[in-house]
Structure formats: C-alpha cells, structure tokens
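Peer 1: need a 3D model of the following:
(chains A, B, C and D)
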Number of protein chains: 2
Amino acid sequence: MLGMARAATTADAFNAVAEPRRRQILDLLAGGERPVNDLVAQLHLAQPVVSKHLRVLREVGLVGVRDHGRQRLYRLEGQPLKPIHDWVKNYERSWSQRFDRLDVVLEELKENKEEHDGDDK
Amino acid sequence: MLGMARAATTADAFNAVAEPRRRQILDLLAGGERPVNDLVAQLHLAQPVVSKHLRVLREVGLVGVRDHGRQRLYRLEGQPLKPIHDWVKNYERSWSQRFDRLDVVLEELKENKEEHDGDDK
DNA sequence: TTGACATATGCCGATATAGGTATATAATGC
DNA sequence: GCATTATATACCTATATCGGCATATGTCAA
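Peer 2: This is a model prediction of the structure:
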C-alpha cells in the first residue's frame, strides 16, 4: 500500500476537531440546536462550506440532525470527544504547577479511572 | 489566496496530535527523555519516519531536544496541549452525568469564545 | 404550478501530508 | 584518516483536504 497520506478528517474525533471552523461550529451548537443558516450567519462562511463541515462532524458522530420543515436542525453529540479528553488529561501535570507531585497525580488518575468505570452505561 | 487545503500539521497542537503515531511518541516520552532509536524500536517504524514526526512535534513545541554525544535526546513539553484540554473540558457534560449544570457550562464557553476572537486573521 | 427559500452535492485547483528509499550530516572510536 | 553509529533531510507517489462556484434536491406558500 504505497502513497498513504494524512488520515481522513472523518477517521477520528481528533482529526475532525483539528479544523478550527469545526470547533467553532461545535461551540455554537453547544448553545442548543440550530439550523444551518444560523451557523452560516455567525461563521461568515459560505453555506456549502458549512454543510460540508457538518457532514464531517456527522460522520464522526459529533453532531446529530433532525428535520424541521425546510430546515435541518443540528445538535451537539459530545461523546466522541471523550477519548480526546482522556488522552490530554494525562498530560495535565506537564503544564500545571498543581500536578508536580507525581504520587498525587497517580492517585488522582486511579480515582478517576474508577469513576469512569462507573459511568459506563 | 485560492486553493487553501487542510491546515498544516505544524499549525497547531490540535493538528500535530491528530496523527496517532505522534500521540504514541508523546506517550513514550512521558516516561522520560529518550533517544530517537529507542522510539524507533518501540514504534516499529522506520527511523526517517520517526525523525519526521519528531520534527513536527518540535515545531509546535510539544517536544524539546538535547544533544548527548551522537544521540539526540527528546523530551516531552506538554504546554501546547493545554488549549486542547481547555477546549474539550467544556464538553465534559455531554458525555458525563456528573456535568449537567447547563448554566455553568455556557458561562465557561462564553469566556472561551472571547479568547478565540483574538485568534482571528 | 410556480417561485422562493433551505440545504446538500458535484467538480475544480492548490496544497501538503505519510511513508518509502537513498543520501547527507555529525559524532565516536580505532 | 577511515569505518561505524545515530540522526536528519531530499525526493517520490498517492491521497484527500478546504474553499469557491454551480447545481441538484427538497419544502413551503400563493
């Protein structure tokens, strides 16, 4: 298999969210369900561009859609962001003074793991 | 400027870290300073590939280097991950039952938006 | 039906990515 | 000096991204 390129934007939440416009879209949807034109207006982007970004977000499960008359209402679906959160969280001590006692950090990580185990469906 | 493509991998920590190999490298460096060949051995990747990934990580400030004889010792520099952490943190409630206070979340997002507005251009 | 509105999709061009192979640079030891 | 080790860089190819523009699909209203 020769000529592999960058992973698809739809491969991952990591890849989908690397695009700043897509993050902006999620930030707007965090305020609640919105039709495409609302996003177009707030982002100062052409409508087709927004529709394409929404497609990517839909393919990684970061947004859901619902038909409402001639509009399509998009909503946030945050679950796919959890892996990102879980991954970066382990690096918190590398920028925060609060996490410079290794023993404490490890203890917190362990506690957190247990909480998360309880969260699971 | 026509024909803009995906943002450079070196544009952002977001983009740099979208590549899974690069995340693996950081995970290994979290265990401490390591020479390139150590990483090559653990990742089962060709040496030039690893060197290129390290270059990307260096350009976004996620790793630092230090010469040691003929080796180059790479180390983790986590600060550039903070923006990622800060961003995803606001979405925690969308997957965790523990974060269901909408008002708090919205307030946090608003603060974040003001930061982003400075980014423009 | 016809037309206005809302959204999705098609095609285009410029860019740059990841990995591969070969080679350059650099430090060490004899 | 020369060979060996450690790492970086150059060049290649296949892929796919983002935005622009034109068009298709779909829904409502008179």
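Peer 1: how about the strands in chain A?
Peer 2: Using DSSP state E, the strands of chain A run over A:34-35, A:63-68, A:71-76.
Peer 1: pipe those into a markdown table and attach mean neighbour count, distance to residue A:23 and mean pLDDT per row.
Peer 2: The C-beta positions use only the backbone N, C-alpha and C, and glycine is treated the same way. Shown next, in a markdown table, are the strands of chain A (neighbours: other Cβ atoms under 10 Å in any protein chain shown; distance: least, Cβ to Cβ, whole Å; pLDDT from 0 to 100):
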| stretch | mean neighbour count | distance to residue A:23 | mean pLDDT |
| --- | --- | --- | --- |
| strand A:34-35 | 17 | 15 | 98 |
| strand A:63-68 | 13 | 12 | 96 |
| strand A:71-76 | 17 | 12 | 97 |
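Peer 1: the spatially closest residue to residue A:63 that is not a sequence neighbour: neighbouring residues, count only.
Peer 2: Among residues not flanking residue A:63 along the chain, residue A:57 sits closest, at 4.4 Å (Cβ to Cβ, 6 or more residues apart in numbering or on different chains). Neighbourhood size, residue A:57 [other Cβ atoms under 10 Å in any protein chain shown]: 26.
Peer 1: for residue A:10, same thing?
Peer 2: For residue A:10, the tally of surrounding residues (other Cβ under 10 Å) stands at 13.
Peer 1: do the one 10 residues further on as well
Peer 2: Number of residues near residue A:20 (other Cβ under 10 Å) recorded here: 16.
Peer 1: residue A:5 now?
Peer 2: With other Cβ under 10 Å as criterion, residue A:5 counts 6.
Peer 1: residue A:16 too?
Peer 2: The burial count for residue A:16: 26, using other Cβ under 10 Å.
Peer 1: hmm, back to that, residues contacting the residue nearest to residue A:63?
Peer 2: A:16, A:22, A:25-26, A:63 (Cβ atoms under 8 Å, 6 or more residues apart in numbering or on different chains).
Peer 1: and of those residues, the nearest to chain B?
Peer 2: Each of the contacts of residue A:57 was checked against chain B using Cβ to the nearest Cβ; the closest is residue A:26, at 7.5 Å.
Peer 1: surely that closest one is in contact with residue A:76?
Peer 2: Yes - between residue A:26 and residue A:76 a contact is recorded at 6.2 Å, counting by Cβ atoms under 8 Å.
Peer 1: any shared contact partners between these two?
Peer 2: Joint contacts of residue A:26 and residue A:76 (Cβ under 8 Å, 6+ apart) are A:62-63, B:91.
Peer 1: same list (these) but as TSV, adding distance to DNA strand D.
Peer 2: TSV is the format used below for the shared contacts of residue A:26 and residue A:76 (distance: Cβ to the nearest atom of the strand, whole Å):
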residue	distance to DNA strand D
A:62	13
A:63	15
B:91	19
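Peer 1: export those to TSV and tack on distance to residue B:49?
Peer 2: Formatted as TSV, the shared contacts of residue A:26 and residue A:76 follow (distance: Cβ to Cβ, whole Å):
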residue	distance to residue B:49
A:62	30
A:63	34
B:91	33
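Peer 1: OK, contacts around residue A:54?
Peer 2: Neighbouring residues of residue A:54 by Cβ under 8 Å, 6+ apart: A:25, A:36, A:39, A:63, A:65, A:74.
Peer 1: check contacts around residue A:79.
Peer 2: By Cβ under 8 Å, 6+ apart, the contact list for residue A:79 reads A:61, B:94-95.
Peer 1: point to the residue nearest the middle of chain A.
Peer 2: Nearest to the mean C-alpha position of chain A, by Cα atoms, centre = their mean, lies residue A:81 at 4.3 Å.
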